[in-house]
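**Q** Sharing a sequence plus its predicted fold:
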Amino acid sequence: MQNHKVASLLNRVADYLEMDDVDFRTKAYRRAAHTIETLSVDIAQIRKQGKLQKLPGVGTHIGVKIEEILDTGKLEYLENLKEQYPVDLDSLMSVEGLGPKKIKLLYHELGITNLDDLEREGKRHHIRRLKGMGAKTEAKILQNLEFARKSTGRQLLGEVMPLARKIKEKVGALEAVEEVKIAGSIRRCQETVGDIDVLTVTNHPDEVMDFFTQMDIVDEVVVKGHSKSTVRLFNGMDADIRVFKTDEFGSALVYFTGSREFNISLRKIAISMDMKLNEYGVFHQEERVAGATEEDVLNALGLDYIPPELRENTGEIEASLEGKLPQLVDYSDINGDLHVHTNWSDGKSSIMEMATGAAGRGYEYLAITDHTTLPVASGLNEKRLRQQMDKIDQVNSQLNDIVLLKGAEVNLDSVGNLDMPQNLLEGLDLVVASVHYDLHQDPEKMNERIGQALENEQVDMLAHPTGRKIKERQPSPLNIEKLLEKASDTGTILEVNSQPKRLDLKDMHIKMAVEYGCQLAINSDSHHVDSLGFLELGVATARRGWAQKKDIVNTLPRKKLWKKLGLI
DNA sequence: GCCGTTTTCGGCCCGACTGTTTTCAGTCG
């Protein structure tokens, strides 16, 4: 899949065009880039079918440029732009407060092309002499430059979520605050998060701003106003707060939940209806038509309510207009977890502790799926696995509300053989297969390797199918369409792994899997009783992939699941 | 550069904050 590459080159073109104050052409490139970035199929595939120009935002010119990128890996037009401004745009743009216009000015007047140049000229106080700049701007640039160098970029949803909830709790506890909600990419449950957006209803904005900017987790106040403030937190992440009136809160939520592209589409709809949409409401002439709740706002635009996880402008608006939005799976639909580890392998909790924890979450069943043989995970050998099966029988006899399934997470070798004999697998209730090494074979080999495992009748499920770790490890370069087809043919369940770093399958692939008619299971893969709750992240990801209850096997009640697994 | 229940030409989302400005440009979300 070269989608990401194509999108980022088009975005880069837009950056350069913006330096020269080209307005609408810039927008055109960004729009096309967004379409491709969020595409759930391979752009090369669409090109083969001759359908590039059917994509929203792609016309004749950009279409040709996409073909050039696919054929040569490069774009002549972009290379020319780069020659005109030979600057390290990536790093300079990462300095807060610097955009294309200022970068152009700095290059032209001072020859600044990278962060080192920027620091040098700043310290010599040359920047403050430029038109439109001053001592304050210069000082800010120097300060933000330091931050840009250290910054690690976006952080994992699973890691940021607890902090966001803490802030919500603190702000919500204020007497002056009537309502508080986390918006932004956290509410949309994107796998990574750039900042924390807090929205409040209050009649005492200044009081809320004072509190927010003085919280003990705040390192530095970036901006402070009467309706908006931004702080930098101890972990290097920014948090924004906005205050609104009760009758504005719905439109504010819509606006600050985004995504940006979703908002732009909504506004266009408003305009086409001779109305105006902003964060304060939907307006016809000067009269407010809606604003108090999200439902009101969307309904005023002729739309059904759209869950936050879907708001990416990738088809949900059209579906909403036609009344064809899916009824998304919900955490409350989940009846069990089919992939957890215990202290028999690399987990930290006992079988009984995991069982009790799962029962406490209201689950009807829990599959114990410790690693086999894998040395780095203290995997079980045949003898230990048989012992564990006996142990599970014994624990089961002490449990009332929940039933444990005897499972294992077996390992695929380089050609797709399993690390446990077939007759032993036959005795298990649930066999989970997964790849743990040799993750970067060429695609064909990888598809064949996994395909062989899926064809094994004893294999019920494929765990973390692409093996990616967000920000750490690329997904295996396998052909995802072929994998989905195979899983669909063999009836093998594909996992939505809920580990914050994995979220694998990811949203886009889940959407594809649903279209291919694959069966999915959302599992925590937890190694400790306290991390069973990760499963909620997996549910959120599945929702982003348009998955419904019927697509997820562990929403089934016990008997029906047993039937599916051939246990009764 | 793209697009069309109103268009094949003339539009293209909207507002807050800051710093530098005597009325606004740049940046951000």
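**A** Noted; the coordinates are in hand. No experiment lies behind these values; they were computed from the predicted model shown.
**Q** contacts and neighbour counts: CA atoms only from here.
**A** Will do.
**Q** Give me the nearest residue to whatever residue of the stretch 1-150 of chain A ends up closest to DNA strand B, chain neighbours excluded.
**A** When scored by C-alpha to the nearest atom of the strand, the stretch 1-150 of chain A has residue A:134 as its residue closest to DNA strand B, at 2.5 Å. Once flanking residues are discounted, residue A:134 sits nearest to residue A:128: 4.2 Å by C-alpha to C-alpha, 6 or more residues apart in numbering.
**Q** is it true that that neighbour touches residue A:138?
**A** Yes - between residue A:128 and residue A:138 there is a contact at 5.7 Å, judged by C-alpha atoms under 8 Å.
**Q** Name the residues contacting each of these two.
**A** Common neighbours of residue A:128 and residue A:138, using C-alpha atoms under 8 Å, 6 or more residues apart in numbering, are residue A:122.
**Q** quick one: which of these two has more around it?
**A** Neighbour count, other C-alpha atoms under 10 Å: between residue A:128 and residue A:138, residue A:138 has more, with 22 against 17.
**Q** contacting residues for that one?
**A** Residue A:138 makes contact with A:122, A:125, A:127-128 under the criterion C-alpha under 8 Å, 6+ apart.
**Q** Show me how far stretch A:519-528 is from its chain's centre.
**A** 17 Å (C-alpha atoms, centre = their mean, to the nearest Å).
**Q** Need the contact partners of it.
**A** Residues outside stretch A:519-528 that contact it (C-alpha under 8 Å, 6+ apart): A:337-342, A:346-349, A:354, A:488, A:491-499, A:513, A:531-535, A:538-539, A:542, A:551-554.
**Q** just checking, which of the residues you listed belong to strands?
**A** A:337-340, A:493-497 (DSSP state E).
**Q** Closest one of those to residue A:479?
**A** Comparing those against residue A:479 with C-alpha to C-alpha places residue A:494 closest, at 14.8 Å.
**Q** list the contacts for the closest one?
**A** By C-alpha under 8 Å, 6+ apart, the contact set of residue A:494 is A:461-465, A:487, A:505, A:518-521.
**Q** May I ask which of those has the most neighbours?
**A** With neighbours taken as other C-alpha under 10 Å, the top of the contacts of residue A:494 is residue A:505, carrying 28 neighbours.
**Q** Show me the beta-bridge partners of the closest residue to that residue other than its chain neighbours.
**A** Counting by C-alpha to C-alpha, 6+ apart, residue A:505 lies nearest to residue A:496, which is 5.0 Å off, once chain neighbours are set aside. According to DSSP bridges, the partner residues bridging residue A:496 are residue A:522.
**Q** phi, psi of residue A:367?
**A** Here is the backbone geometry of residue A:367 (degrees, to the nearest 10): phi -100, psi 120.
**Q** Residue A:85 too?
**A** The phi/psi pair for residue A:85 (degrees, to the nearest 10) reads phi -130, psi 90.
**Q** rewinding a little: which residues touch the residue nearest to residue A:134?
**A** Neighbours of residue A:128 in contact, by C-alpha under 8 Å, 6+ apart: A:122, A:134-138.
**Q** Sketch out the low-pLDDT regions of chain A for me.
**A** A:151-152 (pLDDT under 70).
**Q** still on that earlier bit, filter the contacts of residue A:128 to the buried ones?
**A** A:122, A:137-138 (16 or more other C-alpha atoms under 10 Å).
**Q** Which of those residues fall within strands?
**A** Those of the buried ones among the contacts of residue A:128 lying in strands (DSSP E): none at all.
**Q** how about the helices in the stretch 201-350 of chain A?
**A** With helices called from DSSP state H, counting those that start in this stretch, the stretch 201-350 of chain A shows them at A:205-213, A:249-257, A:260-272, A:294-300, A:316-321.
**Q** Out of these, the one nearest DNA strand B is which?
**A** With C-alpha to the nearest atom of the strand as the measure, helix A:260-272 is the member of the helices of the stretch 201-350 of chain A nearest DNA strand B (4.5 Å).
**Q** what inclination does that closest one have with respect to helix A:249-257?
**A** 130 degrees (axes from the mean of the first three to the mean of the last three C-alpha atoms, to 10 degrees).
**Q** ok now helix A:260-272, how far from the chain's centre?
**A** The gap between where helix A:260-272 is centred and where its chain is centred comes out at 23 Å by C-alpha atoms, centre = their mean.
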